[in-house]
Every structure is written in structure tokens, then in C-alpha cells.
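Chemist: Let's see this in three dimensions:
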Amino acid sequence: MPDPTRPHPSPGSHDAPAAPWGREDPAAGPHRIGYVLKMYPRFSETFVVTEILGREAAGADLEIFSLRAPADPHFHDTLAQVRAPVRYIPRIRRASELWDRLRAATETLGGLPPGATETLLQADAEDAGQALDLAMRVHRQGITHLHAHFASVATTVARLAAHLAGITYSFTAHAKDLFHADVDDDDVRAKAADAHHVVTISRYNVNHLRQLGVEAEKINLVYNGLDLQTFTASTPPPADELRIVAVGRLIEKKGFEYLIDACHLLRTSGRRVRCELIGGGEREQALAERVQALGLQDVVHLRGPLPQDRVRQIMSGADVLAAPCVVGSDGNTDGLPTVVLEAMALGTPCITTAVTGLAEVVDDERTGLLVPQRDPVALARALERLGSDPELAARIRRHARELIERDFDSRRQARALAALDPRRPAPVSSR
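Modeler: Take a look at the predicted model:
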């Protein structure tokens with residue numbers, strides 16, 4: 001039996017039981033994978049684009065299905081490298097549209113599989129409508145397996161569409177889709193039970209899924225990957241101020257208010273410090289007001305969202321990346337923030353908290369420093385320590401880069417995901 005806590009299974013090491021929806025034909029040829037996403041592209045989800053590029057480089061034949069039109073005003077340059085076509089699945093607006101799609105799907109698919117009507121009736125009408133549309137596209141375009149990111153609406157639609165089209169599906173579980181107060185654990189269990197396999201991005205998540213009752217054989221740890229060719233480790237020249245960078249959406253779970261408070265403590269102690277806070281979000285105004293109230297306008301600079309190349313440039317020139325993640329009041333928390341991996345790849349020492357999967361990557365005093373969440377005093381001390389101990393910083397840089405090269409290369413991730421793919425499913429014969 002494979003160990004689901006072992007990252008990156010080698011090709012052929014995983015043989016998950018066939019899903020009840022769809023069956024496999026060993027004699028069939030290569031399969032085409034449909035990626036199902038709630039919204040594509042999304043500025044904050046760089047890990048999705050990196051995964052897709054890695055899989056394409058490894059020869060995977062992909063097509064992307066987005067349930068929502070993009071809403072972000074900014075896009076990263078790497079999007080232009082994605083070859084897979086993107087299809088936007090229209091949402092239904094009237095009851096009559098749902099009936100029209102049901103009739104069209106029945107005709108296109110040559111009838112519906114047993115139990116499909118009951119399954120559709122139990123679903124949200126909008127999800128059912130998009131699943132019917134997706135199932136028809138799957139049938140017409142020769143898609144043989146669906147993979148969704150996040151165990152929420154994308155997996156809901158992928159699961160329904162796979163049932164209707166008679167193919168297998170899988171999904172990657174991250175963080176908000178597992179830990180938010182609104183998550184229905186029964187729903188996650190049902191989706192995992194019907195999936196060909198489940199991917200998740202930390203050992204913490206593996207244990208959580210096991211505790212929910214998901215079969216251990218279904219769960220596979222595959223860390224998010226980085227294209228290491230775009231991340232060259234370097235050491236910035238000495239400066240007379242401590243250069244801090246923080247990157248992420250300006251939301252509660254990022255804990256950026258505690259970083260602002262830590263910067264205030266450092267300056268009060270006489271330390272020269274400059275903090276670049278990159279990102280946008282719902283707490284931007286509140287954070288700006290906190291900076292103003294503490295008189296830190298010359299210390300903490302809210303830069304807004306920036307493209308990836310500019311973020312890498314700023315991180316490379318920083319003495320430390322601060323990621324003071326917290327468990328939000330609604331249970332929402334980070335799984336394993338990509339920016340921490342990126343900073344480690346660039347040779348920028350990281351300070352973070354032991355929230356969810358972060359302690360799996362940031363080994364205290366070896367690949368970074370860990371502090372308690374919601375503790376600006378401890379955060380300020382850790383920042384000062386990294387800024388005043390060049391030997392510690394150099395040791396962390398070296399070990400962090402070694403870890404990233406070993407376990408977080410996107411090529412390794414692509415091989416691990418390919419090893420989990422089912423053999424090409426044959427259409428369900430009984431309609």
C-alpha cells in the first residue's frame with residue numbers, strides 16, 4: 001500500500017481503485033485531461049499556471065475549463081506560455097436554460113447514465129447547468145479525465161460532469177476548501193469517495209483528510225512546484241536598514257497587521273527598517289490606516305499587486321520575507337503559500353508561523369525561522385535576529401534552496417501528477 005504522506009510518488013507507484021463513475025480501458029491510448037477551475041486566470045493563483053506549464057512541458061494534453069470569467073485587472077506574463085485552450089462555461093440565468101441543457105445533453109450523450117437525474121436534482125441549479133454543459137464539451141472534445149483545483153465548486157461541477165460523461169475525475173485540495181467554517185465535511189468525503197484520486201499539498205492536509213474518513217489509498221501528497229529556471233538564488237549587498245518584504249492578498253489569514261506592529265517595535269527600538277507589502281485585498285484600507293496611526297508611512301509601503309518578475313526582483317533584494325500567517329476567525333488559513341517557496345528558491349530567508357503545512361517546509365533555524373501566530377513581539381525579535389546574524393541568514397539561504405531543488409521542482413510535480421492519472425477511460429457502455 002503506498003504511503004500518502006510520501007510526496008511525489010514515482011510513475012507507476014500509485015494504482016488507485018477505479019472511480020464508480022467511469023471505467024478504465026487498458027487497451028486505449030493516451031488521454032486528454034480537462035482542468036476545471038472556478039476562475040481562470042486568477043492573479044493570486046500562480047501555482048495553477050505553474051502546474052499547467054509543468055504538465056504541458058512533460059507532454060500532457062490539456063484543456064482548461066473555467067466556471068467564471070476572470071475578474072482580476074492584472075495578469076502574469078507566464079500566462080502567455082500556456083498552450084491549452086481555455087473554455088468558459090456559461091452560467092444559467094433562467095430555469096428554461098437548465099431544461100434546454102438537459103435535453104441537449106441527453107441527445108449529445110446518447111442518454112444519461114443511471115442515477116444521473118437524481119444526482120442533478122440534488123445539485124444546485126447553476127452547478128447542474130454548468131455540469132451539463134461541461135459534460136457535452138467533454139464528449140465532443142475527447143476529454144477522458146477531469147481534474148479540479150479546490151474541493152469546492154470546481155470539484156462539484158467536475159464530479160457531476162464526469163458522472164454524466166462516464167469518465168473519471170480527481171481534485172486537488174488546498175486550504176480554504178478544507179478549513180473554512182462553511183466547508184461541509186460530508187461533501188468533501190463524498191467527492192473523495194467518487195474521485196479516482198485526491199491530491200493535496202501538505203502532510204497537514206493529508207492528516208486532515210484522513211481524519212475526515214477519506215480512504216488513505218485515495219490521498220496523495222504532491223507539493224506545489226516552481227519553475228526553478230526563473231528563480232536564481234542570490235544574496236543582496238549589505239545595507240544600513242533591514243529590508244523586509246511581504247507578499248499576498250491583504251486578507252485576515254495573511255496576518256499582515258502583526259507585521260506592521262513588528263515594524264513599529266523595531267523602529268521604536270532604534271532599528272532602521274523598510275517593509276514592502278505587496279498585494280491587494282479587502283483589508284487594504286484598514287492596513288493603510290494602521291500604518292498611518294503608527295506613523296510608519298516612511299517604513300511600511302503598500303505597493304499593491306505587482307507582476308511576478310517585479311515581485312521576484314524585490315524579494316531578491318530583501319533581507320527577509322515575512323509571512324505571519326494566522327488561522328482566521330472563519331477558520332480560513334493558508335495551506336502552503338507559494339510565495340514562501342519562491343523566497344526560499346531566491347535565497348531570501350523566511351520568517352513565518354507554524355500554521356497548517358508551513359512547518360513542513362520552514363524547519364526552524366535551518367530553512368527559516370518560526371514564530372507564534374499573532375505575536376508581533378516574537379516576530380520583531382526574529383526579524384532583528386536575521387538582520388543582525390549574517391551567518392544564520394547564510395545558513396538558512398543554503399538549506400532552503402537545497403530543499404526547494406529537491407522537493408519543489410515543477411518537473412518533479414508534473415511527473416508525480418502524471419503517475420496518478422488513470423489509464424484512458426472507456427465510455428460507460430450502459431446509458
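Chemist: Give the burial count for the closest residue to residue 135 other than its chain neighbours, as a bare number.
Modeler: Leaving aside its sequence neighbours, residue 135 sits nearest to residue 164 (CB to CB, 6 or more residues apart in numbering; 3.7 Å). (Glycine included, C-beta is placed from N, CA and C.) Residue 164 is flanked by 27 other residues according to other CB atoms under 10 Å.
Chemist: wait, what's in contact with residue 164?
Modeler: 105, 109, 112, 113, 116, 131, 132, 135 (CB atoms under 8 Å, 6 or more residues apart in numbering).
Chemist: List the ones among the residues you listed that fall in strands.
Modeler: Among the contacts of residue 164, no member falls in strands (DSSP state E).
Chemist: closest to residue 198 among these?
Modeler: Taking CB to CB as the measure, residue 198 lies nearest residue 131 of the contacts of residue 164, at 19.3 Å.
Chemist: And the strand or helix carrying the residue nearest to residue 135, how far out from the chain middle?
Modeler: According to DSSP states H and E, residue 164 maps onto helix 153-165. Chain-centre distance of helix 153-165: 20 Å, with CA atoms, centre = their mean, to the nearest Å.
Chemist: right, and the helix or strand after that helix?
Modeler: strand 168-173.
Chemist: Pull up the pairing partners for that next one, direction included.
Modeler: Here strand 168-173 has these sheet partners by DSSP bridges: strand 145-149 (parallel), strand 197-200 (parallel).
Chemist: and that strand, what's its mean pLDDT?
Modeler: Computed over strand 168-173, the mean pLDDT rounds to 98.
Chemist: before we move on, the earlier item: okay, the angle between the helix holding residue 164 and strand 168-173?
Modeler: 170 degrees (axes from the mean of the first three to the mean of the last three CA atoms, to 10 degrees).
Chemist: Pull the number of nearby residues for residue 238.
Modeler: 7.
Chemist: Could you tell me which ranges of the stretch 1-150 of the chain sit under the pLDDT cut-off?
Modeler: Along the stretch 1-150 of the chain, the parts satisfying pLDDT under 70 run over 1-30, 73-74, 76.
Chemist: if I pick residue 360, what's in contact with it?
Modeler: Residue 360 touches 202, 203, 204, 336, counting by CB under 8 Å, 6+ apart.
Chemist: Count the residues that sit near residue 370.
Modeler: Count around residue 370 with other CB under 10 Å applied: 19.
Chemist: scratch that, residue 292 is what I was asking about
Modeler: 11.
Chemist: ok, now the one 3 residues further on?
Modeler: Burial measure for residue 295: 10 neighbouring residues, criterion other CB under 10 Å.
Chemist: Then residue 140?
Modeler: Counted with other CB under 10 Å, residue 140 comes out at 9.
Chemist: so where does it fall, helix or strand?
Modeler: Counting by DSSP H and E, residue 140 is part of helix 125-141.
Chemist: got it, and residue 352?
Modeler: Judged by DSSP H and E, residue 352 forms part of strand 350-353.
Chemist: after that strand, next one along is what?
Modeler: As assigned by DSSP H and E, the chain's next helix or strand after strand 350-353 is helix 358-361.
Chemist: returning to that earlier point: and the contacts of residue 164, which is closest to residue 93?
Modeler: residue 132 (14.5 Å).
Chemist: The closest one and residue 101 touch, don't they?
Modeler: Yes: with contact defined as CB atoms under 8 Å, residue 132 counts as touching residue 101 (4.2 Å).
Chemist: Looking at these two now, which is surrounded by more residues?
Modeler: residue 132 (29 against 21).
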